[in-house]
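K.L.:
no sequence on hand, only this structure:
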C-alpha cells in the first residue's frame, strides 16, 4: 500500500519522534521510499501499480503499455508514462525500478485511457492504439510509408497480426489530436488500407 508522509505522521502520531519511527521502518524494509514523502509498504508490489502515483496526472503508455498488451516481444527496462505540460522528461529511480515520464500532446492526452486492475490496484494505462500513437509521436519523424512500416515492424518489432487487429477507425481519429508528421503518414496509410 502506498503511503504519503502525512499518512505516516498521522499513523505514528503517538510516537515521541515520528521521523525516527519512519527511519526505523524504512531500515527494516517495512517502508520502501519511492520518492521524497512517498512510501510503499509492500516490497513485492508490481511496479506498474506505482507509476501513476509517482507523478500525477499520468498514465502508463509507450513501450511499457505495448509490452503489457503483448504487442512487442521485448521486456521493457523502464516503466514509461505519459504526462502533459511538464515541459521536460521526468525520471524516478527506486527499489521498484526506473520510472520515466514524457509529455504527449495536450489535445491527445485525455483520450483512450483505460483503468485496469493489477494486484487489486487500479492503474491508468493507454489503450493499445493510444500507446502506439504516443510512442510514434515522440520518436524522430518518419517521412514516408516505407520508413513507417520499417519502424513499426522491424525496429519496434510490433506483432503484425496484433497490429492488424487494432481499431483502425480509433487510430485515424486519434491521429488528428497529435501534431506529428509520423502520425499523419500513419493516418494516410491506414485510410488507404481501410478503403
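P.N.:
Perfect, thanks for sending it. Just so it is clear, the structure is predicted and the values come from calculations on it, not from any experiment.
K.L.:
hey, let's count contacts and neighbours off CA atoms from now on
P.N.:
OK.
K.L.:
for the residue nearest the centre of the chain, report the pLDDT, please.
P.N.:
Geometric centre of the chain, nearest residue: residue 60, 2.0 Å, by C-alpha atoms, centre = their mean. pLDDT recorded at residue 60 is 98.
K.L.:
so who does residue 145 touch?
P.N.:
185-186, 189 (C-alpha atoms under 8 Å, 6 or more residues apart in numbering).
K.L.:
again, 7 Å this time
P.N.:
185, 189 (C-alpha atoms under 7 Å, 6 or more residues apart in numbering).
K.L.:
residue 193 versus that one, what's the distance?
P.N.:
Look at residue 145 and residue 193: by C-alpha to C-alpha, to the nearest Å, they are 12 Å apart.
K.L.:
from what I see, residue 79 and residue 102 are in contact.
P.N.:
No - using C-alpha atoms under 7 Å, residue 79 is not in contact with residue 102; the gap is 11.1 Å.
K.L.:
and residue 165, how far from residue 147?
P.N.:
Distance from residue 165 to residue 147, by C-alpha to C-alpha: 21 Å.
K.L.:
those two: which is more packed in?
P.N.:
Taking other C-alpha atoms under 10 Å, residue 165 and residue 147 do not tie; residue 147 has more neighbours (13 against 8).
K.L.:
which helix or strand contains the more buried one?
P.N.:
Counting by DSSP states H and E, the element that carries residue 147 is helix 145-150.
K.L.:
repeat for residue 109
P.N.:
Element membership for residue 109 (DSSP H and E) is empty, with no helix or strand holding it.
K.L.:
pull the number of nearby residues for it.
P.N.:
By other C-alpha under 10 Å, the residues close to residue 109 number 20.
K.L.:
how far away is it from residue 102?
P.N.:
Going from residue 109 to residue 102 by C-alpha to C-alpha gives 11 Å.
K.L.:
now do the helix holding residue 147: distance to the chain's middle.
P.N.:
Relative to its parent chain, helix 145-150 has a centroid offset of 25 Å by C-alpha atoms, centre = their mean, to the nearest Å.
K.L.:
C-terminal to it, what's the next element?
P.N.:
Downstream of helix 145-150, the next assigned helix or strand under DSSP H and E is helix 160-165.
K.L.:
identify each buried residue in that following helix, please.
P.N.:
For helix 160-165, the neighbour count (16 or more other C-alpha atoms under 10 Å) marks residue 163 as buried.
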